[in-house]
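Student: could you look at this predicted model? Sequence included:
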2 protein chains.
Amino acid sequence: MIKSSDAGPSLRAASFGPGNPDVVRLLSSDERAEISNIATIVELPPGRVVYREGANAQAVFIVAEGVVKVFRDLPSGRRRVMAFLFADDAFGLAQSGHYVYSVQTITAVQLYRIRVATLTVTLRNSGELASQFLCKVMHELRGALRHNVILARRDAVGRLAMFLLMLEQNAPRDDSRIALPMRRSDIANYLGLSQESVSRALSRLERSSVIAFDGRHELRVLDRPRFERIVSAL
Amino acid sequence: MIKSSDAGPSLRAASFGPGNPDVVRLLSSDERAEISNIATIVELPPGRVVYREGANAQAVFIVAEGVVKVFRDLPSGRRRVMAFLFADDAFGLAQSGHYVYSVQTITAVQLYRIRVATLTVTLRNSGELASQFLCKVMHELRGALRHNVILARRDAVGRLAMFLLMLEQNAPRDDSRIALPMRRSDIANYLGLSQESVSRALSRLERSSVIAFDGRHELRVLDRPRFERIVSAL
DNA sequence: GTGCACCCTTGATTTGAATCAATACGGCGT
DNA sequence: ACGCCGTATTGATTCAAATCAAGGGTGCAC
């Protein structure tokens, strides 16, 4: 549900100026309206491919609702998951004529779809708007760097803990639970681990009462201090 | 002095529209002149800290000449190197009031220094210029994603090979040599390996005649096909 | 030239995740 | 309720990189 004051797409990011330490939703109502004018809304069920790597890049997307994964399949059959994207995240932008990665929905999603040509013109005409997108891409860059930090850790449990923290921050909920909508294998491909190691790491976290599962795709952190300690045990 | 067509900073990146598959230098002469007006030039010797993580972000930098590393020190004393930057790369942009990472020179460098406040205004006033910076940040995002792919590999030799290929592409030279200006420990911290593993992997590449060293900080690829095969053995 | 500090390489052992393999769970259709 | 299939967990073994530890090289200061 989107309230009218929230109509149109927004972008989650931190601005670079001082005084805005936190992640905020960029774009003024006017800007949202402007983007709305050039966007169409797309609804997709879970597991649907939005586009494939190598396809002509015709549109850029902003997530309104739901979760998608960005990935690439390697010759060996392995798959690298580069990112999970949530509401107010953008994708399809980081290419040059063709999409570099494939994107598939995990949950049911609602997307804003904007033609690249249109967006390009709009951004060139508005330094204000282009600056906001700049912020957003920088935010995604920070996310990728954070992903790097996760990948550079060598302990599976630590990687999992950082991943859970990331989920919590990116897709906050009213109850203090964390949703794990993706499959274990997606998590494994994101963290650079085998599926079995993901399972084992989660089991260990559960057995040591740091987290507790509520079904396979939902959990909560029981022992926050210990959790934080694992996250920052670098 | 400097020919006007070459004056001022430029940015290496791939544009997102079709027809421009390759990495190009963005910014027209006019745009370079405009940036030059708001930039000062800084020269630094090797090993100098440009700024530290957490410091107030007052300026953005563009590398004119030389190599710098972007890194973060962890409580444990470990260090994560997030990136090596070369001519026409920008840094200091991906923050929110404070710098998120530290930056240190590896070789002697020449930098363009631009005050954040000034740049912000300039970008807001020119959608054209902001779009170019958007391209550049997207380029850096792609670089970070590529780094992710490297980190997700589990074999040390494969990571090294990808790293060497990256160096070759980012800092091309007339002779077909690759410069390794950074220390082994920097490479290790970038690749998520121990210093010893980097040494061993390089030794193995040399022993199997895939590469040959010309001193410790310069090498060339002897067996290109085998090299490529190692790189893409994913 | 000598000594020293720092960086790099090499060797022996340990450790933790990948892999191979089998079993358990959960959702869904009938 | 039952059986089925994709997904998830658990166990045994293997393997590669980290770690621990010891030398070797290089450049710089004196």
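Tutor: On my side now, so go ahead.
Student: for the residue positioned nearest the centre of chain A, which residues make a bridge with it?
Tutor: Closest to where the C-alpha atoms of chain A average out (Cα atoms, centre = their mean) is A:Leu85, at 2.1 Å. Judged by DSSP bridges, the bridge partners of A:Leu85 are A:Val68.
Student: mind pulling up the pLDDT for it?
Tutor: Note on A:Leu85: pLDDT of 97.
Student: same question, A:Leu151
Tutor: 96.
Student: try A:Gln95
Tutor: 78.
Student: roughly how far does it sit from chain B?
Tutor: Going from A:Gln95 to chain B by Cβ to the nearest Cβ, to the nearest Å gives 6 Å. C-beta coordinates here come from the backbone N, C-alpha and C atoms, glycine included.
Student: nearest spatial neighbour of that residue, skipping sequence neighbours?
Tutor: A:Ala57 (4.7 Å; Cβ to Cβ, 6 or more residues apart in numbering or on different chains).
Student: now swap in A:Arg124 and tell me
Tutor: Going by Cβ to Cβ, 6+ apart, A:Arg124 has B:Gly127 as its nearest residue, at 4.5 Å.
Student: which residues does the one you found contact?
Tutor: Applying Cβ atoms under 8 Å, 6 or more residues apart in numbering or on different chains to B:Gly127 gives the contacts A:Leu123, A:Arg124, A:Asn125, A:Ser126, A:Gly127, A:Leu129, A:Ala130.
Student: what residues are up against the second one?
Tutor: With contacts defined as Cβ under 8 Å, 6+ apart, A:Arg124 is in contact with A:Ala130, B:Gly127, B:Glu128, B:Ser131.
Student: report the two of those separated the most.
Tutor: A:Ala130 and B:Glu128 (8.5 Å; Cβ to Cβ).
Student: out of these two, which sits in the busier spot?
Tutor: Neighbour totals were compared for A:Ala130 and B:Glu128, and A:Ala130 leads with 26 against 17 (other Cβ atoms under 10 Å in any protein chain shown).
Student: and the gap between the residue nearest to A:Arg124 and DNA strand C?
Tutor: According to Cβ to the nearest atom of the strand, to the nearest Å, B:Gly127 stands 45 Å off from DNA strand C.
Student: which residues in chain A form helices?
Tutor: Along chain A, counting by DSSP state H, helices occupy A:29-38, A:116-125, A:127-152, A:156-170, A:184-191, A:195-207, A:224-231.
Student: which one, of those helices, ends up nearest to A:Gln104?
Tutor: helix A:184-191 (9.4 Å).
Student: so what touches the closest one?
Tutor: Contacts of helix A:184-191 (Cβ under 8 Å, 6+ apart): A:69, A:71, A:78-84, A:106, A:147, A:150-151, A:156, A:159-160, A:163, A:180, A:193-195, A:197-199.
Student: try it again at 6 Å.
Tutor: By Cβ atoms under 6 Å, 6 or more residues apart in numbering or on different chains, the list of residues contacting helix A:184-191 from outside reads A:Lys69, A:Arg79, A:Val81, A:Arg159, A:Phe163, A:Ser194, A:Gln195, A:Val198.
Student: which regions of chain A sit below the pLDDT cut-off?
Tutor: A:1-6, A:19-21 (pLDDT under 70).
Student: that one against DNA strand D: which residues are in contact?
Tutor: A:154, A:183-185, A:195-196, A:198-200, A:202-203, A:213, A:216 (Cβ under 7 Å from any atom of the strand).
Student: switch the cut-off to 10 Å
Tutor: By Cβ under 10 Å from any atom of the strand, the residues of chain A that approach DNA strand D are A:47, A:152, A:154-155, A:180-188, A:194-204, A:206-207, A:213, A:215-217, A:219.
Student: if you count neighbours, what's buried in stretch A:73-93?
Tutor: A:79-93 (16 or more other Cβ atoms under 10 Å in any protein chain shown).
Student: swap that for stretch A:119-134, sorry
Tutor: By neighbour count, with 16+ other Cβ under 10 Å as the criterion, the buried positions of stretch A:119-134 are A:119-120, A:122-124, A:126-134.
Student: for that stretch, list the C-alpha coordinates in PDB.
Tutor: Once non-C-alpha atoms are left out, stretch A:119-134 reads as follows in PDB (Å, rounded to 0.1, in the frame of the first residue of the first chain):
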ATOM      1  CA  LEU A 119      15.700   8.700 -18.100                       C
ATOM      2  CA  THR A 120      18.900   9.800 -19.800                       C
ATOM      3  CA  VAL A 121      17.300  12.900 -21.200                       C
ATOM      4  CA  THR A 122      15.500  13.700 -17.900                       C
ATOM      5  CA  LEU A 123      18.800  13.400 -16.000                       C
ATOM      6  CA  ARG A 124      20.700  15.600 -18.400                       C
ATOM      7  CA  ASN A 125      18.100  18.300 -18.100                       C
ATOM      8  CA  SER A 126      18.000  18.200 -14.300                       C
ATOM      9  CA  GLY A 127      21.200  18.500 -12.300                       C
ATOM     10  CA  GLU A 128      19.100  18.200  -9.200                       C
ATOM     11  CA  LEU A 129      17.600  14.900 -10.200                       C
ATOM     12  CA  ALA A 130      20.900  13.600 -11.600                       C
ATOM     13  CA  SER A 131      22.600  14.400  -8.300                       C
ATOM     14  CA  GLN A 132      20.000  12.300  -6.500                       C
ATOM     15  CA  PHE A 133      20.700   9.400  -8.800                       C
ATOM     16  CA  LEU A 134      24.300   9.900  -8.200                       C
END
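Student: that concludes my questions; thank you for your assistance.
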